[in-house]
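In: sharing a model prediction with you, sequence too.
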Amino acid sequence: MNSDWPTNSGMIETILEEDKYIKTNGLEADVQKWSKMSSWTLLEAVCIFHGLDPVRGMQNEYLKPYPIYKRIMDAYDIMISFVSDNKIPRKGDPMLFFECAELAGITVSKEVKDAVFEEGINRDMSELERKARLEAFKTVPETNSINAAEKFFTVDTAKEIRETFHEEVRCILVEFSESGQRKPTGAQMRSYLRENPKKAPRFVNVDRKGEIHYYSDAAGKEITAMTRQALDKLINRYATKTV
């Protein structure tokens with residue numbers, strides 16, 4: 001055996017030394033902090049998946065000799081191929097990187113997934129509430145109107161309709177799961193909706209950009225677009241485990 005190859009004991013010592021150096025110098029990724037960010041770059045995602053702070057860790061020159069630095073750069077090289085194939089963005093919602101990372105053999109911890117999912121839901125709810133308040137503000141009658149006392153609040157019925165379409169997508173995911181199929185990608189879900197429009201009555205079409213259009217009002221006249229990233233996020237929210 002080549003004497004230059006590290007022994008098992010030597011590898012263990014290196015890993016322990018690496019772990020100690022990262023903890024001593026505060027280079028660990030703060031998952032709670034990073035999960036609150038609405039977007040990550042690809043490199044930030046790879047660093048966080050490896051438990052390393054993307055800023056302090058990658059800027060630390062003394063960390064480069066340790067194995068973790070090479071693991072991160074190798075993982076980044078693999079993940080960048082998914083960017084080239086337009087499967088993930090260079091920067092986007094943290095959830096968009098999960099599936100491709102796992103396909104590349106990168107472990108995404110339960111702690112990271114749970115934190116990102118929870119913060120994503122919180123952001124969605126805050127955005128819906130903001131839009132509802134803005135719409136309510138626009139529809140408040142003037143105080144000198146004789147009908148001012150007839151309406152003290154408004155109801156965001158559009159929110160209910162949007163959630164109805166989300167529920168239609170969720171039902172499709174349930175069918176996929178119960179029939180033993182794998183969790184669909186955003187592209188597969190778009191193809192399925194094109195081929196089976198009756199499965200989601202509010203579905204209208206998919207445009208050239210890959211955005212899904214659906215009816216967002218009770219009358220079926222107003223159409224809203226769901227971006228590719230929003231669809232991926234919706235799928236990941238409902239189907240968090242892939243067999």
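Out: Noted; the coordinates are in hand. Residues are numbered from 1 along each chain as shown.

In: avg pLDDT for the host helix or strand of residue 174?
Out: Using DSSP states H and E, residue 174 sits in helix 157-178. In this model, helix 157-178 has a mean pLDDT of 75.

In: counting by contacts, list what whatever helix or strand comes next after it packs against.
Out: Scanning forward in sequence from helix 157-178 by DSSP H and E, the next helix or strand is helix 186-195. Packed against helix 186-195 by the contact rule (3 or more C-beta pairs under 8 Å, 6 or more residues apart in numbering; DSSP states H and E) you find helix 157-178, strand 203-206, helix 228-238. Glycine gets a C-beta too; all of them are placed from N, C-alpha and C.

In: next, the angle from the last one to helix 186-195.
Out: Comparing the axes of helix 228-238 and helix 186-195 via axes from the mean of the first three to the mean of the last three C-alpha atoms, to 10 degrees yields an angle of 100 degrees.

In: quick check: which of the helices and strands packed on helix 186-195 is buried the most?
Out: The highest mean neighbour count among those, using mean count of other C-beta atoms under 10 Å, belongs to helix 228-238: a mean of 20.

In: run the chain-centre distance for it.
Out: How far helix 228-238 lies from its chain's middle: 7 Å, per C-alpha atoms, centre = their mean, to the nearest Å.

In: same check, this time on stretch 216-226
Out: Relative to the centre of its chain, stretch 216-226 is centred 24 Å away, using C-alpha atoms, centre = their mean.

In: quick check: end-to-end length of it?
Out: One end of stretch 216-226 to the other measures 11 Å (C-alpha to C-alpha, to the nearest Å).

In: again with stretch 24-32
Out: End-to-end distance for stretch 24-32: 19 Å, by C-alpha to C-alpha.

In: mind listing what the residue sitting nearest the centre point of the chain touches?
Out: What sits nearest the mean C-alpha location of the chain, by C-alpha atoms, centre = their mean, is residue 95, with 2.0 Å. Neighbouring residues of residue 95 by C-beta atoms under 8 Å, 6 or more residues apart in numbering: 116, 117, 120, 232, 233, 236, 237.

In: helix, strand, or coil at the first one?
Out: When the structure is reduced to helix, strand and coil (DSSP: H, G, I helix; E, B strand; the rest coil), residue 116 reads as helix.

In: isn't it right up against residue 33?
Out: No - look at residue 116 against residue 33 with C-beta atoms under 8 Å: they stay out of range, at 11.9 Å.

In: the two: which has the busier surroundings?
Out: Using other C-beta atoms under 10 Å, the more surrounded residue of residue 116 and residue 33 is residue 116, with 24 against 10.

In: residue contacts, the more buried one?
Out: Each residue near residue 116 by C-beta under 8 Å, 6+ apart is listed here: 35, 94, 95, 98.

In: ditto for residue 43
Out: Contacts of residue 43 by C-beta under 8 Å, 6+ apart are 54, 58, 76.

In: what distance do you get for it to residue 53?
Out: Residue 43 sits 12 Å away from residue 53 when distances are taken as C-beta to C-beta, to the nearest Å.
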